[in-house]
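>>> Quick check, what structure comes out for this input:
(4 chains, ligands or ions: 4)
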Amino acid sequence: MTDTSLHRRLPDRLDTPLKSAVLSWETLLVLVAIGIFIANSIASPYFLNAWSLSDMTFNFTEKALIALAMALVIITGEIDLSVASIIALASTLMGLVLNQFGAPTPVLVLVGIFTGLACGAFNGWLVTGLKLPSIVVTIGTMSLFRGIAFIILGDQSYGGYPRDFAWFGQGYVWWVISFELVLFLVAAVIFYVLLHHTNFGRRVFAIGNNATAAQFSGVRVDRIKFVLFCLTGLMSGITAVLLTARLGSTRPSIAQGFELDVITMVVLGGVSILGGAGSIIGVVLAALIIGLVTFGLGLLNVPGIVMTIFTGTLLIIVIALPILWNMWKARRA
Amino acid sequence: MNRLLKTREIWLALAILAVIVLVTFRFPRFSQPANLLTIFNDTSILMMLALGQMAVILTRSIDLSMASNLALTGMIVAMVNAAFPMIPIPLLILGCILVGAALGAFNGILVWKLDIPSIVVTLGTLTIFRGLVFVISGGAWVNAAQMSPAFIQLQRGSFLGLPILSYFAIAVAILVYILMTRTPQGRAFYAIGVNPTAAVYTGIDVGRTKFLAFVLSGAISGLAGYLWISRYVIASVEVASGYELTIIAACVIGGVSIAGGIGTVAGALLGALFLGVVNNALPVIGVSPFWQMAISGAAILIAVILNARGESRKGRVILRRAEGVA
Amino acid sequence: QDGTRIALVVKSLGNGFFDAANKGAQEAAEELGVEVIYTGPTAATAEAQIEVVNTLIAQQVDAIAISANDPDALVPVLQRAQERGIKVISWDSGVAPEGRQIHLNPSDVNLIGETIIKLAADYLPEGGDVAILSAASTATNQNAWIEAAKAAIPEKFPNINLVATVYGDDDSVKSTEEARGLISAYPDLKAIIAPTTVGVVAAAQVVTDQDLIGKINVTGLALPSEFKQFIDNGASQAVALWNPIDLGYSAVFLANALVEGEEAAPGASFSIGRVGEVTLDDTNSAAMAAPFQFDASNIEEFSKIY
Amino acid sequence: MTEPILTLSGITKSFPGVRALNDVSLELYAGEVTALIGENGAGKSTLVKTMTGIYQPDAGEIRMAGGQITLPTAHSAAQMGITAIHQETVLFDELSVAENIYLGHTPTNRFGMIDWKTMRREAQLTLDSMASGIDASMPLKELGIAKKHLVAVARALSVDAQVVIMDEPTAALSQKEIEELYVLIELLKEDGKAILFISHKFDEIYRIADRYTVFRDGEMVGKGFIKDTPQSEIVRLMVGRSVDQIFPAREAQIGKTVLEVKGLTHPTEFENVSFSVRKGEILGFYGLVGAGRSEVMQAVFGMTRPSGGTMVLDGKTVAPRSPADAVEAGIVYVPEERGKQGVITGEPIFKNVSLPSLGKTSRSGFLRMAEEYRLARTYTERLDLRAHSLSQNVSTLSGGNQQKVVIAKWLATLPKVIILDEPTKGIDIGSKAAVHEFMGELVAQGLSVIMVSSELPEVLGMSDRIVVMREGLVIDTLDNKALAPETLVRLAAGIVEEAA
Ligand SMILES: Nc1ncnc2c1ncn2[C@@H]1O[C@H](COP(=O)(O)OP(=O)(O)OP(=O)(O)O)[C@@H](O)[C@H]1O
Ligand SMILES: Nc1ncnc2c1ncn2[C@@H]1O[C@H](COP(=O)(O)OP(=O)(O)OP(=O)(O)O)[C@@H](O)[C@H]1O
Ligand SMILES: [Mg+2]
Ligand SMILES: [Mg+2]
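Residues are numbered from 1 along each chain as shown, chains lettered A, B, ... in the order given. Ligands and ions are numbered 1, 2, ... in the order given. Next up, the predicted model:
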C-alpha cells in the first residue's frame, strides 16, 4: 500500500458491480438451487410437472413470508422466536370472531392481520421500551401467545370457515399459480425494495453493523426496531390467514415449530445472525432451496425427520464453506 | 454487595415458596414433604440440563441442541440396552455421558475452530441429531418391554427417602457448583462472558473455553438422555422435542443473563424448580392444563423484566457527593 | 405407470400400533398384487401430514388410506387429491366426510366407548372415581369413544364416577405428567382409563413407580407386546384392542376396491379378504370388529403377535 | 555496563492498513525504569501487547535473560515473568476485586481447586500496600474509574515478575494515588525489577525514569539516559519538528451566542453545568479523564437524558430526546470512542457519510446512490481523506482517516454547533494538524465548535475560551489569553483546594 495507489479524486468503487455479484452468497445459493433442481428431476419422474412444482411452493411460501420480515429483524441483530405462536393466536382469534359473531371474510382477515400486528408491537415494546434482550422476550411471548390460544380454545377446534376465505390458502390466481405464491412474490419485491433501496433499509443495516454508532449518527434505533417487530408480527398475521385458510380449521397447536424453520431459511439465505449483513434475494433463494429439498425428498418418500438432517447439514456446510475457503486462502498466502 | 448479588436467588426462592403456600391453602396435601420431594424429583432432569445450558450461556453462546442430543443419546442407550441387556448400567451411563460429550464437542469444535455463531451451529445440530435418532432407530420405538429391569429400575430406587434420580441431580449440581466456583476453568466461563477482550489479556483461550462449555452441556445432555428414557420408559424420535426452549427458560427465570457472564448454580436450579412447581401446582389446584403454557410464558417475561430492573439500577457515580465517603 | 400404488398414511411414524398396521397392509398388498407405500410425518401434526399428502399427490398414487391427525385440517388437501383422481379413504382416525370416500372404523364407536368403561367397572364392584387419559385433544377417534363412554355411564355403570379427562398428546412425557397430575389431584382415584396405546403405558408406568399397584387399576387400549409387563405386574387387570394388523389389511383392501372401480355409497358392502366383509353406513363409515380383551390369561400369547 | 534482562529487536507488526511497529528494538534493565515515549498512535501500546503475548509480532525476536523466548499467549508471558498494566482497563465488572487481581493465575490448593481464602488475603495485602482503601471482596463494578485502575495495578503486581510494564498508569489517577504509585515503583526498583513506563507527562518521566526510548510512527527514533537529555531534545525526537508550529494561527471572528446551556444536571454524572458558545468560537473543555465532560456533551447531544437544566439554541429552547433530535436542531457530536460510537465499521465510506443526511440524498424515501457518492466525495475531499475508493470499508482506514469520515458525515448535515470529543486522540501527527487546521476553517465559516480534550497543548493552542471540569462540576471558565498551563492543571486536578 503505497501512497501512489491512493487516488486524489476518490472513485466511487473499485470492483465492478458484476464482479461483486459473481462472488456473492446469492451466486452460491443459485448454484445450490440449480443442483438440487437437477438432482430432483433425475431422482423422481414426478418432479418435472407443473402441478408438482406448484404443490411444492406450498412447502415454503408461508414460512418464507415470515422469513422476509425476520431477515430484517435479524439484520438489526435481534431475533423473534414468537412468530409461530403469533400465528396460533391470530388463527384462534379469527376462529373466535367467526364462531361467536359469524364475522364475514374481510373481518376475519383484518382480525388475523391486526392480531399479528398487536403481538409484534408487544414484542417491540418489550425490546425497545424496556430494553430487554429480544431472544429472551420472544421465548417468553412464544409461550404466552400460544398459551392464550390454548386458554381460548382448550381442546376444541374452530372450523367452518367460509368458502371464499379458503381461497386465501387454497386458491389459484391463474392456472397453477397459487394465491400464496403470488402474495409471496409481491411481498418479496416489496421487502427487496424496502431493504435495499430505501433510507429505512439503509438504517436497518447501519443498526446491525453498529447500533451504538448508528444512534450516534442520528438514527432512531429504537423506533426502527419497534417497526421491525411490528412488521414481523404483521407478516405472521398474514401467514395466519393463509395457513388457517389452507387448513380450514384452527387448533392451538397450529404452526408448531415454524420459528426454527423460518430462522433456518434466513440464516441459510446469508443473513448474518450477528446482524449487519444479508439480502432478500438470498432469503428467497434459501426458501426455494428448502422447498426443493423437502419436496424432492418427499417424492422419494423420505420421512420428514430425515429431511431435517439434510437441511441442518446444508445449513452448517453452507455457512462453513466460505469460512473454510478463507482459512485455506490465508494459509496459502 | 454480596447481599445484592444474592437477592436475585432469594427473590426467586420466595416466589417458589409463595406458590407453594398459595397452593397449600386450597390443597393442603400439596406441601406435604412427600409431594415436595416428588416435585423435586420430577424437576431433576430439567435442573441438570439448565446447569449445562448455563455454562454455555455464561460464555455468551447458546446451545439449542441439548434436547436433540438427549434424544439421540437416549435412543442409543435404549437400543444398546435392548440388544445387550447384560451390559452393566453404570457402564451404560458412562457411555451416555461420553456420547453426549462427543456430540457437544462437535458443536464446540465448529464454534471454536470455524468461529460460526453458536446459535447457527446448534440450530443445525438440533435438527441433525434428531434426524439421526430416526435413522438409527428406523423410526421404531424402544419400549419398556425391551428394556432390562435394571435399566428401568436404577433411578427408581430410593435412598433415605429420596429417589436415586434426585441424587443424580444433586450430584450434577454439586459438581457444577465446584466447577463454577472452585476451579480456574469455571471462572474462565464467567470471565469470557463478562469481558472477552479482557479474558484474552489474562491468558484465557476464548474459543477453547467455549468448546469446553459445549462439551459440558453435551455431557449433561447425554446423562439426561439415559435418565429421561429410563424414567419415561420409551425411546422415540419425539423424546424431549421442543424442550430446548424450556431449558433456556429455566435459565432465564433463574437470572442467567443471556448476554453472558452472569448466572449462578443456585439461580439455574431455582429457575428450573420454579417451572417444576408451577407445572405441578396447576393441575392440583384445578387450573386447566391449558393455562399452563401462558403462565410459564408470563413467568419468563416477569423474571426477565425484574432481572433487567436489578441490573440497570447500578450506574456509575462520578460525583463525589453521590459516592458518599470516598 | 405399472401397478396400483396405495399409500398408507399414518399419524406418525415409529408408533408400534401403526407399524403393526403396516404389517397387515403389506400382507394385503401381496395378496392383491399392489404396491403399498407406508409413510407419515414424524411429529403427529396436521401440517406435517399435509406435506406428506402433497408429495403423494405429486407421485400420482392411486389411492390414499389415511389415519388423520385432524379431521378438518386434512380435508382441503384430500379433496385436492380426489380432484386429481386419487381415491381417498380414512381408517382408524377419520376425516370429515367431505375429505374421503370411506372411513373404516377399527370397531364400532359405541362399542369401544362402552368397552373402555366396562374394563374399569369389571374390577370395581363397589364403583368409584375413574379418570380418562386421552391422546391429543384433537384426536377424532378418541374423542368419539370418550363421548360414547360418557353416554354409557349413567345407565349401564351408575356407580362409576368419571372425575376428569386429560390429554397426553400421545407423547409419553406429557402423558406421564398428566397421569401424575391425576393421581395427586384425585386421592380417591380407582382407575385410569387410557384409550391410547401411548397413554396407557405411561399411566401404568406411573402407577408402578408410585407403588399404587392394587390401588389404581390402569386400563384402556393397549398393544399386548408393549403392555404385557403391566398385566404381569398387576398394574393393570385387563386392556382391550382390535387387531391393528387386520385394520391395515382391511384398509388396503378397501382402497384397492375403490381403485378397481367399486362405488362407495351408503349400504354398499365390500370384501376385506380374510377378515370378511363390511357394510357402509349413512356416513360411508364401516366398522371392523369388536375390541378384543387381553388379560393375564391370554396376554402371553398375543404379545408375540403384535 | 549491565546486561539488559529483556531485549526486543527487529519487532514489526502490521494491522490492516497500518504498520503499527516497524523494526523496533528496546532493552529493559534490572532495577531501572525505562520510559517509552511517543505521540498517540506511535505504537507504544502495540509493543506492550507483543511483549505480553496478546499480539504475535510479524517479525523480530524477544530475548529474556539471554535466551530467545516466544509468547504465544498472555498466560505464557506471565509465566516468563512479564506483567503489565494495560492502557485500557481490562477488568471484569461482574467479578470480585480479588478475582480480578488473580484471574489467570489463581492460587489453587493441591486438588486444583481455587484457594479463595489465600486469594482474598493476598489480594487484600497487595491493595493495602498501595494504600488504596479497596476491599478485595467487593464486586469490581462498584468501584469508580480511578479505583479500578488501582486494581489493574494490583493485578500486575500480583504476578511474580521480572519485568513490569505500565502503559499510562497515571492517566486516571488523582495526585495522591500517583504519589503512592511512585513509592511502589521505587520498591520494585529496589527489588531489581525492570520497569517499562509509558507516559505522556514529562514531569513524571523526569521524576522516575532512568532511561528513555522514543517511538515515532511505529519506529524507534532514539534512546538514552534521562539525566543527560533535555526535554526539548526528547520532544524533537517525538514529534520530528518543533512544537510551537503545531497549532494554526487564526483570527477569531466571534459573533453572538449560539448555544447556551444552563444548569444541566444528571443524577450521577454531573451537576449544574452551564456554559455558552458563540458563533465562530472554539470552546475548549479541559479536565482529567473521568471529569464528566463526555457525559455532558452526550447529554447536550440527546444521548442521555439530563434530570435538569435548559438549553437554548439560536434563541429557541431545545431539549433533544435523542441524537436524531439534536442533529435536526443542528447540534452534532464527534464521539471519543471512534470505533464503537463514531464509524459504522463493516460499511463503506460513502454509506457512513450519507447516513445522517439520507433525507437529503434520497427522493421520497428511496435511495439515490449517485447523490450519496456526490455528497460523500464533496466532504471527504475537503478533508483530504486518504482512501482507495468511496466504497472502501471504513474499518480498513487508519484512525485519523476514520475520524475524517466522522467529521465529513457531520459537515454534510450543515450543523450549527459541532462538538468534538478528543478529536485527535489516537491520530497521527499529520492528520492531527489537518484536524486542527480544519477546526480553524469551521469557525471561520461561522460554525461554533466545542472541543473536549485532555491534551493541554491542544486546548491551549486551539480554544478561544476554556471550560475546566472536575468531578462533574464546572470549576471555571477562562479566556484563553496568556493562560499558564499550570493554572489549568491545578484547576482540573483540584490541587488549589487541597493546598488551601
Ligand atoms: N487492533 C488494531 N487494529 C488495527 N489497528 C490498530 C490496532 N491496534 C492498534 N492499531 C493502530 O496501530 C497504531 C499504534 O497504536 P498504539 O495503540 O500502539 O499507539 P500508542 O502509541 O499506544 O498510542 P497512545 O499514546 O494513544 O496510547 C495506531 O495507528 C493504531 O490505530
Ligand atoms: N466511575 C466510573 N466507572 C466506570 N467507568 C468510568 C467511571 N468514570 C469514568 N469512566 C469511564 O472513563 C471514561 C471517561 O469518562 P467521562 O467520559 O465521564 O469523562 P471525560 O471527562 O469525558 O474524560 P475523557 O477525558 O476520557 O473524555 C469513559 O469511558 C467512562 O466510561
Ligand atoms: Mg497506547
Ligand atoms: Mg471523555
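>>> how about the most centrally placed residue in chain C, phi and psi?
Centroid-nearest residue in chain C: residue C:92, 4.9 Å away (criterion: Cα atoms, centre = their mean). The phi/psi pair for residue C:92 (degrees, to the nearest 10) reads phi 60, psi -80.
>>> Likewise for residue C:87?
With angles defined as degrees, to the nearest 10, residue C:87 sits at phi -80, psi 140.
>>> Spit out the contact partners of residue 280.
Because you didn't say which chain, this covers chain A. Applying Cβ atoms under 8 Å, 6 or more residues apart in numbering or on different chains, we find residue A:280 in contact with A:68, A:71, A:188, A:191-192, A:195-196. Quick note: C-beta positions are derived from backbone N, CA and C, even for glycine.
>>> try again with chain D
Taking Cβ under 8 Å, 6+ apart, we find residue D:280 in contact with D:252-255, D:443-444, D:446-448.
>>> which strands and helices sit next to the strand or helix carrying residue C:114?
In this structure, residue C:114 sits in helix C:109-121 according to DSSP states H and E. On a contact count with 3 or more Cβ pairs under 8 Å, 6 or more residues apart in numbering or on different chains; DSSP states H and E, helix C:109-121 meets helix C:140-156, strand C:160-167, strand C:189-194, strand C:217-220, strand C:238-241.
>>> re the thing from before, let me know the pLDDT of the nearest residue to the residue nearest to the centre of chain C once chain neighbours are set aside.
Distances taken as Cβ to Cβ, 6 or more residues apart in numbering or on different chains place residue C:67 nearest to residue C:92, at 3.9 Å, with adjacent residues excluded. Note on residue C:67: pLDDT of 92.
>>> List the contacts of the nearest residue to residue A:14 once chain neighbours are set aside.
Excluding the flanking residues, the one nearest residue A:14 by Cβ to Cβ, 6+ apart is residue D:389, at 4.8 Å. By Cβ under 8 Å, 6+ apart, the residues touching residue D:389 are A:7, A:10-14, D:349.
>>> Distance-wise, check the residue in the stretch 201-350 of chain D that ligand 3 sits nearest to relative to residue D:206.
Residue of the stretch 201-350 of chain D nearest ligand 3, by Cβ to the ion: residue D:215 (10.4 Å). According to Cβ to Cβ, to the nearest Å, residue D:215 stands 18 Å off from residue D:206.
>>> Give me the subset of the contacts of residue D:280 lying in helices.
Residues of the contacts of residue D:280 located in helices (DSSP state H): D:443-444.
>>> In terms of helices and strands, where is whichever residue of chain C sits closest to chain A?
Nearest residue of chain C to chain A: residue C:137, at 2.9 Å (Cβ to the nearest Cβ). Counting by DSSP H and E, no helix or strand carries residue C:137.
>>> Leaving out the residues flanking it, which one is nearest to it?
The shortest distance from residue C:137 to any non-neighbouring residue, by Cβ to Cβ, 6+ apart, is to residue A:155 (2.9 Å).
>>> Which secondary structure state is assigned to that neighbour?
Judged by DSSP: H, G, I helix; E, B strand; the rest coil, the three-state class of residue A:155 is coil.
>>> Three-state assignment for the residue nearest to residue A:14, please.
With three-state DSSP as the basis, residue D:389 sits in coil.
>>> okay, it: pLDDT?
What the model reports as pLDDT for residue D:389 is 87.
>>> Residue C:1 too?
At residue C:1, the pLDDT value in this model is 46.
>>> And for residue D:270?
For residue D:270, pLDDT reads 89.
>>> Share the number of residues neighbouring the residue in chain C that chain D sits nearest to, please.
Of all residues in chain C, residue C:173 sits closest to chain D, at 35.9 Å by Cβ to the nearest Cβ. Around residue C:173 there are 20 other residues, counting by other Cβ atoms under 10 Å in any protein chain shown.
>>> Where does it sit: helix, strand or coil?
Assigned state for residue C:173: helix (three-state reduction, three-state DSSP).
>>> Report the spatially nearest residue to it, omitting neighbours in sequence.
Counting by Cβ to Cβ, 6+ apart, residue C:173 lies nearest to residue B:232, which is 5.4 Å off, once chain neighbours are set aside.
>>> how much space between that neighbour and ligand 1?
From residue B:232 across to ligand 1, the span is 52 Å (Cβ to the nearest ligand atom, to the nearest Å).
>>> Now for that residue: which residues touch it?
Listed by Cβ under 8 Å, 6+ apart, the contact set of residue B:232 reads B:239, C:172-173, C:176, C:202, C:205.
>>> low pLDDT regions in chain B?
Along chain B, segments meeting pLDDT under 70 span B:1-7, B:310-326.
>>> Report the secondary structure element holding residue C:94.
Counting by DSSP H and E, no helix or strand carries residue C:94.
>>> again with the one 10 residues further on
With elements delineated by DSSP H and E, residue C:104 resides in strand C:102-105, which encompasses its position.
>>> Same check on residue D:415?
Going by DSSP H and E, residue D:415 is not part of any helix or strand.
>>> Skip the chain neighbours and tell me the closest residue to it.
With sequence-adjacent residues excluded and distances taken as Cβ to Cβ, 6+ apart, residue D:415 is closest to residue D:332, at 4.3 Å.
>>> Shouldn't the one you found be within a strand?
Yes: assigned with three-state DSSP, residue D:332 falls within a strand.
>>> I figured it hits residue D:410, correct?
Yes: Residue D:332 is within contact range of residue D:410, at 4.0 Å (criterion: Cβ atoms under 8 Å).
>>> Helices of the stretch 101-250 of chain D, start to end?
D:116-129, D:145-158, D:175-190, D:202-208, D:231-239 (DSSP state H, counting those that start in this stretch).
>>> Nearest residue to the residue of the stretch 1-150 of chain B found nearest ligand 3 in space, ignoring adjacent ones along the chain?
Residue nearest to ligand 3 within the stretch 1-150 of chain B (Cβ to the ion): residue B:60, separated by 26.8 Å. In space, and not counting its chain neighbours, residue B:60 is closest to residue B:260: 3.4 Å by Cβ to Cβ, 6+ apart.
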